[in-house]
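> Based on what follows, work out the 3D shape:
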Amino acid sequence: MAINLAEELSSITIKAAAADWREAIRLAGNGLVEAGSTTGEYTDQMISAVEEHGPYIVIAPGIALAHARPSEAVLKGGLSWVSLDAPVSFGHSKNDPVTLVIGLAAVDHTAHIDVLKAVAGVLSNKEARAELEAAETADEVRSILKRINN
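The predicted structure follows:
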């Protein structure tokens, strides 16, 4: 089943300020909490996952997909989008610094994989990615993603 990122995004923050990678993940987690997708505990789990396993969530140059294993802290599936005003380092040898953090709350492994495929498909399109990076409002991000998915 194809995922429409424009429809799945429950929170979009543009040009956010983050002092470090933990704060960047916290911003993505706050969007998931505010949308009712997760509890604050899930945000802590996302940070712990990076502390334990390293910056594996930095999936492409400039992009982090913040997530943790499905748990009771995930109330429903959701995505948050945080573009950073200034890039932050996650400690990844090839893909730092990060300017976009996508928060992912998945209820199961299948949903997690489906969202990964959708994100990869959109962000591998160089023109679309440039447009998304230049977006100045949440509505612009949604509009670009809707156009790409059609």
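> list the contacts for the residue nearest in space to the middle of the chain?
Nearest to the mean C-alpha position of the chain, by C-alpha atoms, centre = their mean, lies Ile102 at 0.6 Å. Residues in contact with Ile102, defined by C-beta atoms under 8 Å, 6 or more residues apart in numbering, are 28, 63-66, 79-82, 119. All C-beta spots, glycine's among them, are computed from the backbone N, C-alpha and C.
> 10 Å instead?
5, 9, 28, 31, 57, 59, 63-67, 79-83, 115, 119, 123 (C-beta atoms under 10 Å, 6 or more residues apart in numbering).
> which SS class is it?
Following DSSP: H, G, I helix; E, B strand; the rest coil, Ile102 is assigned to strand.
> Return the set of residues that bridge with it.
Leu65, Trp81 (DSSP bridges).
> Relative to Glu72, how far out is it?
In this view, Ile102 and Glu72 are 22 Å apart by C-beta to C-beta, to the nearest Å.
> Now do the residue nearest to the centre of the chain, the pLDDT please.
Per-residue pLDDT puts Ile102 at 94.
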